[in-house]
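# Mind looking at a prediction? Sequence and model below.
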Amino acid sequence: MPWAEPEAETVLRSAGDDVQVQMGYGLAHHVVDQHHRAGHVQTVLDRPLQPLGGAGEVAHPVGGQLGEGPDVQSRHQQDVAGEDRLGVQEGDQFVVLEDQDRRQLTGQDPAERAGLSACHPGIMPRRTAARGGARRPAPALPPAPPYDIQTSHTVATIEADPSRPSGRMLFLDGHESSYVDLADPTHLEFSYVRRIGDVLDLVRPARQPIEALHVGGGGFTLPRYVAATRPRSRQLVFEYDGGLVQVAREHLGLRPLPGLKVRVGDARQRLAEQPSGSADVVIGDAFSGVLVPPHLATLEFAGQVRRVLRPDGVYVLNVIDCPPLRVSRAEAATLLAGFDHVALTADRDLLRERDAGNVVFVASAAPLPLAELARSAARGQFPEDLLDRAGVLRFAGGTAVVRDADAARWRRLAPPPDLPVPLHGDAS
């Protein structure tokens with residue numbers, strides 16, 4: 001595979017470029033304090049939900065901006081119907097939304113049925129500086145909505161970052177989901193997202209377009225990053241919750257981007273529709289609570305990913321785990337059975353079973369750029385370790401591979417549903 005060193009700086013300079021508007025708000029300092037100060041309660045998780053009804057129903061046209069009005073009270077829950085409020089307008093050329101009446105997940109967090117685990121609360125230090133040079137003047141930014149938004153499958157909360165005016169944190173059912181910078185799509189706030197960004201930087205020579213599939217949209221941080229750093233790329237995002245796409249359009253700066261399509265529906269079924277050998281990279285970042293949905297974590301799904309990838313294509317998968325790291329070890333065994341080359345990056349304390357956190361797996365049929373990935377992982381404010389295939393083999397130990405028939409076992413491995421998601425910061 002023709003891996004290439006990334007550019008030292010990939011910040012856009014053209015003020016008229018449509019892909020410049022992205023996500024990111026400085027909430028992270030506030031969240032750090034909430035996770036570490038004794039007795040400090042995270043208000044976003046305790047906000048009462050008051051579903052609207054009757055005259056309070058939102059009546060704005062499709063694609064209209066949600067906002068406060070006579071029937072919209074501050075700090076309330078606002079209904080967004082997934083089937084008719086996807087924000088698709090007839091003139092949109094590049095963002096295509098396709099809905100289908102199929103359920104992927106139940107409304108119940110699969111991890112709720114898991115037994116108690118020996119987990120430690122995670123820490124959430126944020127990056128201290130943006131990657132790159134000085135920021136250019138930002139346009140006027142919309143404020144974070146002062147209410148929760150009920151989609152068909154989750155409750156979305158958006159908080160502003162007091163330390164970064166263009167920053168936004170997206171919470172889904174109280175879990176930290178995405179950090180987006182409305183003014184700088186190349187700003188990746190959290191270290192696990194930066195590790196995925198490192199793979200995206202290396203998968204092809206700098207600025208060369210790629211074909212990317214995203215399993216899970218969330219705040220659309222990574223699709224915007226690819227559009228900004230690799231113009232003319234073609235990207236396809238599978239997002240189960242159409243209402244969440246609407247939230248991203250109205251509050252997180254998601255705009256029509258050249259080459260970007262969004263398809264609403266079950267990611268596994270959508271992936272099966274894709275031609276073989278068509279993608280340079282597949283990014284798995286979909287969750288139900290803190291657990292990857294079972295049918296997106298199995299050997300059979302990994303086989304579908306490998307089919308869609310080009311011979312030198314790369315699969316990047318993000319999982320959340322805590323001691324004794326049962327989810328990560330099971331996924332390591334599964335990817336080792338599905339790919340010739342597998343590596344992972346994670347915080348050192350997590351690998352030593354001292355903390356919770358994110359584990360980013362990288363898998364391919366071709367050799368991986370391990371030296372470059374290891375250097376990038378080690379240079380941050382909170383250094384991470386990279387394990388090569390031999391290290392991943394030791395990490396997996398004798399853990400069994402996860403197959404489609406093992407959904408119940410996968411759920412039993414899940415971290416507690418109230419695990420604070422430890423989005424470590426990165427100064428690199």
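Everything's here; your move. Numbers count the residues shown, from 1 in each chain.

# Quickly list what residue 234 is bridged to.
Legend: beta-bridge partners of residue 234 under DSSP bridges are residue 211.

# ok, it touching residue 211?
Yes: here residue 234 lies in contact with residue 211, judged by C-beta atoms under 8 Å, at a distance of 5.0 Å. Bear in mind the C-beta positions are built from the backbone N, C-alpha and C, glycine included.

# Going by residue numbers, what spans are strands in the chain?
77-79, 148-150, 155-160, 167-172, 175-181, 211-215, 234-239, 260-264, 279-284, 309-321, 341-347, 357-364, 384-387 (DSSP state E).

# Looking at the ones you listed, spot the one closest to residue 202.
Residue 202 lies closest to strand 309-321 among the strands of the chain, at 8.7 Å (C-beta to C-beta).

# which secondary structure elements does that closest one contact?
helix 191-202, strand 279-284, helix 299-308, helix 326-338, strand 357-364 (3 or more C-beta pairs under 8 Å, 6 or more residues apart in numbering; DSSP states H and E).

# and it, what's its mean pLDDT?
Strand 309-321 carries an average pLDDT of 98.

# okay, the angle between it and strand 341-347?
Here strand 309-321 runs at an angle of 30 degrees relative to strand 341-347 (axes from the mean of the first three to the mean of the last three C-alpha atoms, to 10 degrees).

# List the strands paired with strand 309-321, with their directions.
With DSSP bridges as the test, strand 309-321 pairs up with strand 279-284 (parallel), strand 357-364 (antiparallel).

# what's the angle between that strand and strand 211-215?
Going by the same axes, to 10 degrees, strand 309-321 makes 30 degrees with strand 211-215.

# Just the buried positions in strand 309-321, please.
By neighbour count with 16 or more other C-beta atoms under 10 Å, strand 309-321 contains the buried residues 309, 310, 313, 314, 315, 316, 317, 318, 319, 320, 321.

# Output the residues you listed as TSV; include the columns distance to residue 179.
Output for the buried residues of strand 309-321, formatted as TSV (distance: C-beta to C-beta, whole Å):
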residue	distance to residue 179
309	28
310	30
313	27
314	23
315	23
316	18
317	19
318	14
319	18
320	15
321	20
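
# Determine which two of these are furthest apart.
310 and 321 (29.4 Å).

# What distance do you get for the residue nearest to residue 370 when sequence neighbours are not counted to residue 328?
Among residues not flanking residue 370 along the chain, residue 388 sits closest, at 5.5 Å (C-beta to C-beta, 6 or more residues apart in numbering). Residue 388 sits 16 Å away from residue 328, taking C-beta to C-beta, to the nearest Å as the criterion.
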